[in-house]
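> Need coordinates for the below:
(chains A and B)
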Amino acid sequence: KNQVEQSPQSLIILEGKNCTLQCNYTVSPFSNLRWYKQDTGRGPVSLTIMTFSENTKSNGRYTATLDADTKQSSLHITASQLSDSASYICVVTIMNYGGSQGNLIFGKGTKLSVKP
Amino acid sequence: GAGVSQSPSNKVTEKGKDVELRCDPISGHTALYWYRQRLGQGLEFLIYFQGNSAPDKSGLPSDRFSAERTGESVSTLTIQRTQQEDSAVYLCASSFTSGGNTGELFFGEGSRLTVL
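Coordinates of the predicted model:
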């Protein structure tokens, strides 16, 4: 069954600290993986996309990694800021899935709270 | 327009009434998605439109829910005889799909529905 599991479900850290969010998937065949950030009361916004051949990609203080062999991705946030408080959603795209659900499998998200 | 536009942003209705939610996608985006997000929960797939193909309605929770999209333009999500459990934020997203590959999702800000 195609699934995307995220951990932890929620996380509280102090401002300035680093953190790592995890995404494990059992999706096949794999096309790509995206991390989205959803601020409270807003729609999700894409942070980064990882394709099969990419191991790491950075977007400012956000660094995503992908291990296609173990089917794991992580999102590392460096020097956290209060504005990083949000839900982070991992979305995996299935290749040639016949269009069902738009070929997208969503994780349930990790809720990050950054405290001063 | 510059982004995905949803209306109304907030809707309060009485149990048993019908509601209609509107989504105006980014011009040129062939794919359009509707998701439901209950308070503190992840995104729940409802329906997916891709060009002029038959929509994937597999996520609609009951026959009280329906959606339409004409071509690659505006979509409306209709909920008939609303129930209190329909209270949620309804998010619309659009993307450009090329060669069967799903691009980045661009989300609207959502329509918050409260059923009293």
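
> pLDDT weak spots in chain A?
A:96-99 (pLDDT under 70).

> got the residues of it near chain B?
By Cβ under 8 Å from any Cβ of the partner chain, the residues of chain A that approach chain B are A:31, A:34, A:36, A:41-46, A:49, A:89, A:91, A:93, A:95-96, A:99-104, A:106-109, A:111. For every residue, glycine as well, the C-beta is placed using N, CA and C.

> can you rerun that using 10 Å?
A:4, A:6, A:10, A:31-32, A:34, A:36, A:38, A:41-46, A:49, A:87, A:89, A:91, A:93-109, A:111 (Cβ under 10 Å from any Cβ of the partner chain).

> Got a PyMOL select line for the buried ones in those residues?
The following PyMOL command selects only the buried members of the residues of chain A next to chain B, with burial defined by 16 or more other Cβ atoms under 10 Å in any protein chain shown:
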select buried, chain A and resi 4+6+31+32+34+36+38+43+44+46+49+87+89+91+93+94+97+99+101+102+103+104+105+106+107+108+109+111
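
> Return the residues in contact with residue B:78.
Contacts of residue B:78 were listed using Cβ atoms under 10 Å, 6 or more residues apart in numbering or on different chains, and they are B:18, B:19, B:20, B:21, B:64, B:65, B:66, B:67, B:68.

> How about residue 68: what's its closest non-neighbour residue?
Defaulting to chain A. residue A:52 (5.4 Å; Cβ to Cβ, 6 or more residues apart in numbering or on different chains).

> meant chain B, my bad for not saying
Closest to residue B:68 by Cβ to Cβ, 6+ apart is residue B:76, at 5.5 Å.
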